[in-house]
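In: Any chance you could fold what I've pasted below:
(2 chains)
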Amino acid sequence: MEIQHQHIRLEQYHPQKIYLFYVVLAVGALISALGLGSAYYMEHHGHVVTGMNNQVFWGLPHVFAIFLIVAASGVLNVASIGSVFGKKMYKPRAPLSGMLAIAMLAAGLAVIMLDLGRADRLIIAMTHFNPTSVFGWNVVLYPGFFGIVGLYLWTLMDKPMNQYSKYAGFAAFFWRIALTTGTGSIFAFVVARQAYHSAILPPMFIVMSFAWGLAAFMIVQRVMFGWCDIMIDVSIRARLKNLLGIFIAASAYFVIVYHLTNIYFAKQTGFESFILLNGGTITVIFWLGYVFLGTILPLFMLFHPDIWPRPLAVCAASGLAIVGAFSFLYVFIIGGQLYPLDIFPGMEVTSTFMDGKIDTYVPSLPEILLGFGGLGIAFTITVLGVRSLRFLPNDDVTVLDGGGHILE
Amino acid sequence: MSEQEHDTGGASRRKFIGAAAAAGGMAVIAPGIHLIEVSQANAPTRPPGEAASNLVRWGMLIDTNKCTAGCDDCVKACATENNINEKVADVRQGSQWIRKIEVKEAKGGHTFSLPMMCQHCAEPPCVDVCPTGASMKRADGIVLVDRHSCIGCRYCMMACPYKARSFVHQPLTGQNPEVPRGQGCVESCNFCVTRIDKGQLPACVESCAKAGHHAMIFGDLNDPSSEIARRIAQTATTQIRADLRLDLGVRYQGI
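Out: Numbering: from 1, shown residues only, chains lettered A, B, ... in the order given. Prediction:
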């Protein structure tokens, strides 16, 4: 039987909407510029203009930066499922996935670099290698990621190079696993702090990267398809939303195990009760932001048979998963520093410098703008990328369906 | 030349030779005298250009029985020595090279007071995590930050189990040229490294002794004849968070 090839062509250069492209680009550029301006302001006046201090020294910019870096490696997962695991439905999505990975990593690194006390000395970090520093590893892992994903995109988008895409895809997959392991290890190797120092953190970050990256991918895909007045095929949407649901649930599983093990250790119960019960804003952000809005609600929306097929339902659930990501990271990074270091176990301590006391942190406007500036940079790179090259998924639904690649 | 003249000349020559011999003798003996002085301080001068030696391991012993609650002479001396005088609206954004901690045993109620600063670990986590090598350990065990290669990433602050490091949050003026500090860099107690190299004691130790408390002893842990080494050999001392096995240069007595 001859299969009817029903191609869905995407018109990326929609003439009626060309003006809108410039508006969108200008918005992205403006947000990025506000972020850069904030970084300049912080650099000029010092971090005294931020809400950070010598107790909470990694603040809101780190929440944004680590979200972007973790999601960057996760968004590449969409391509990996196609290239490494041979799922045909994901192959048309590989270029967009790779481009988003580069855009988000660039943005995340920009935020973390611009928050440095001496961003002008970045060259020292790039020319000095300390093998015992996880930051040192990252100086190798991050540029390597750009290079490998760049090569991977070349093999995907240039026909003569297509034959190498599987190898490049494998390399990118292994590199991204190493990269997220590195990001999780930044915290896992911190032996002295109650909130971190856990071997579960690198795998937890990897699973979270799957969820956050796919959520970001779903939103970008939905917006870009909407731009072109195309509805993504319902069967493809079903596959992707199920995968997103599994990743959100798996992330929650790791968070539960992380907290359960801590609760079991007597020395950690003070920290756990701060996060889970009496931490004020931190506790609210954990339960309302991460657990309810970021986990339960999106899972309900993605798996309720009457809700997920509705227009924008999967996109909204993806947005909620990202709200959950930010909530988790805020609790993890800020909450982990607010709780005092246990320098004298079993003793009550007081000092002039917050020993034995729970600190407070309120992010300042420059920090907020720098964080959003990072999102603006990722957004701007994405808009430019999609405008310049054919990154949008071009699904041949009949072929996929005929080949058994779409299963309801 | 008359005999008298000759005699006079001989006397003057003898005087000259005597003076020269005395000056030469002093030149030979003087360093010895100096050595005797510094041996009491346990801090021999290190000439410029000579590398720090790993035969020395500088350390500090703090006797909490002699440390008075509410006394912060050591904190003030540190601030004066290192020009930590910037005004910050939020005290948490100010530098804390050394701070006093009041400790109370939760059940029994026993209290004690102690100064907390960089513990100068033999296995310093701050040095492990530093991406630029700015956090470093000198051969003689002093852990310090190279203010010129620190990029201000604050990873060392995350890694330090003692909250001993501070980030400079604002521009600084009127610095002590021997203690360079800078906005956007991390800093911490360096045992007054330039004073030690000159054969002096760290400012905190000196101020504690001046106040008559004598709660802080500084010296070479590797030298069995030093006071600090003898005290550690004779008395029970504690390394804070000894479970981390960082082999600290700072020990506490009476905890």
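
In: what's the spacing between the helix or strand hosting residue A:317 and its chain's center?
Out: Using DSSP states H and E, residue A:317 sits in helix A:313-329. When C-alpha coordinates are averaged (C-alpha atoms, centre = their mean, to the nearest Å), helix A:313-329 and its chain have centres 11 Å apart.

In: Same question for the helix or strand following that helix: list its buried residues.
Out: Moving toward the C-terminus from helix A:313-329, the next helix or strand (DSSP H and E) is helix A:336-338. The neighbour-count check on helix A:336-338 (16 or more other C-beta atoms under 10 Å in any protein chain shown) flags A:336-338 as buried. In short, each C-beta sits where N, CA and C put it, glycine included.

In: what do you get for stretch A:114-132?
Out: A:114-119, A:121-122, A:124-125, A:128, A:130.

In: Might you name the residue of chain A sitting closest to chain B?
Out: residue A:117 (1.8 Å; C-beta to the nearest C-beta).

In: so that residue, which of the three states?
Out: coil (DSSP: H, G, I helix; E, B strand; the rest coil).

In: How about residue A:363?
Out: Applying three-state DSSP: residue A:363 is coil.

In: same question, residue A:23
Out: Assignment for residue A:23 (three-state DSSP): helix.

In: ok, now residue B:151?
Out: Assignment for residue B:151 (three-state DSSP): coil.

In: Residue B:59 too?
Out: strand.

In: Check whether the helix holding residue A:317 comes into contact with chain B.
Out: No - on the criterion C-beta under 8 Å from any C-beta of the partner chain, helix A:313-329 is out of touch with chain B, staying 14.9 Å away.

In: Now do that helix: which elements does it pack against?
Out: For helix A:313-329, the contact count by 3 or more C-beta pairs under 8 Å, 6 or more residues apart in numbering or on different chains; DSSP states H and E identifies helix A:60-75, helix A:201-227, helix A:234-264, helix A:297-303 as packing neighbours.

In: Off-centre distance for stretch A:56-75?
Out: With C-alpha atoms, centre = their mean, you get 7 Å for stretch A:56-75.

In: swap in stretch A:267-283?
Out: The answer for stretch A:267-283 is 25 Å, by C-alpha atoms, centre = their mean.

In: Can you give me the end-to-end span of that stretch?
Out: Length of stretch A:267-283, first residue to last, C-alpha to C-alpha, to the nearest Å: 19 Å.

In: anything in that stretch near chain B?
Out: No - for stretch A:267-283, no contact with chain B is found by C-beta under 8 Å from any C-beta; the gap never falls below 10.4 Å.

In: Give me the residues contacting that stretch.
Out: A:194-195, A:259, A:262-263, A:286-287, A:330-331, A:334-335, A:338-339, A:342, A:345, A:358 (C-beta atoms under 8 Å, 6 or more residues apart in numbering or on different chains).

In: Show me which of those are buried.
Out: A:194-195, A:262, A:286-287, A:330-331, A:334-335, A:338-339, A:342, A:358.

In: and the closest residue to chain A within the stretch 101-250 of chain B, what pLDDT?
Out: In the stretch 101-250 of chain B, the residue that lies nearest chain A is residue B:152 (1.8 Å; C-beta to the nearest C-beta). We have a pLDDT of 97 for residue B:152.

In: If we ignore the residues flanking it in sequence, what's nearest it?
Out: residue A:117 (1.8 Å; C-beta to C-beta, 6 or more residues apart in numbering or on different chains).

In: Please tell me how far the one you found sits from residue B:162.
Out: Residue A:117 sits 20 Å away from residue B:162, going by C-beta to C-beta, to the nearest Å.

In: ditto for residue B:65
Out: Taken as C-beta to C-beta, the span from residue B:65 to residue B:162 is 21 Å.

In: In terms of packing, which of these two has more residues around it?
Out: residue B:162 (23 against 9; other C-beta atoms under 10 Å in any protein chain shown).

In: can I get the helices and strands packed on helix A:313-329 in JSON lines with distance to chain B and mean pLDDT?
Out: Converted to JSON lines, these look like this (distance: least, C-beta to the nearest C-beta, whole Å; pLDDT from 0 to 100):
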{"stretch": "helix A:60-75", "distance to chain B": "9", "mean pLDDT": "97"}
{"stretch": "helix A:201-227", "distance to chain B": "13", "mean pLDDT": "93"}
{"stretch": "helix A:234-264", "distance to chain B": "17", "mean pLDDT": "95"}
{"stretch": "helix A:297-303", "distance to chain B": "31", "mean pLDDT": "98"}
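
In: Return the most buried member of those.
Out: Compared across the helices and strands packed on helix A:313-329, helix A:60-75 shows the largest average neighbour count, a mean of 28 (mean count of other C-beta atoms under 10 Å in any protein chain shown).

In: Residues contacting the helix or strand following that helix, please?
Out: Counting by DSSP H and E, the element after helix A:60-75 in chain order, helix or strand, is helix A:77-83. Outside helix A:77-83, the residues that touch it by C-beta under 8 Å, 6+ apart are A:87-98, A:101, A:152, A:156, A:165-166, A:168-170, A:172-173, A:176, A:209-210, A:213-214, A:217.

In: got any ranges where the stretch 101-250 of chain B has weak pLDDT?
Out: The stretch 101-250 of chain B contains no residues with pLDDT under 70.

In: hey, where'd the helices end up in it?
Out: B:125-129, B:155-159, B:193-197, B:203-210, B:227-234 (DSSP state H, counting those that start in this stretch).

In: As a markdown table, these with distance to chain A and mean neighbour count would be great.
Out: Converted to a markdown table, the helices of the stretch 101-250 of chain B look like this (distance: least, C-beta to the nearest C-beta, whole Å; neighbours: other C-beta atoms under 10 Å in any protein chain shown):
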| stretch | distance to chain A | mean neighbour count |
| --- | --- | --- |
| helix B:125-129 | 4 | 23 |
| helix B:155-159 | 5 | 24 |
| helix B:193-197 | 21 | 19 |
| helix B:203-210 | 15 | 21 |
| helix B:227-234 | 20 | 15 |
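
In: need the ones you listed in CSV with distance to residue B:141, can you?
Out: Below are the helices of the stretch 101-250 of chain B laid out as CSV (distance: least, C-beta to C-beta, whole Å):
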stretch, distance to residue B:141
helix B:125-129, 12
helix B:155-159, 17
helix B:193-197, 11
helix B:203-210, 16
helix B:227-234, 12
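
In: where does the closest residue to residue A:242 other than its chain neighbours sit relative to residue A:247, distance-wise?
Out: Nearest residue to residue A:242 in three dimensions, chain neighbours excluded: residue A:302, at 7.4 Å (C-beta to C-beta, 6+ apart). Distance, residue A:302 to residue A:247, by C-beta to C-beta: 10 Å.

In: ditto for residue B:48
Out: 61 Å.

In: any idea which residue sits dead centre in chain A?
Out: residue A:71 (2.1 Å; C-alpha atoms, centre = their mean).
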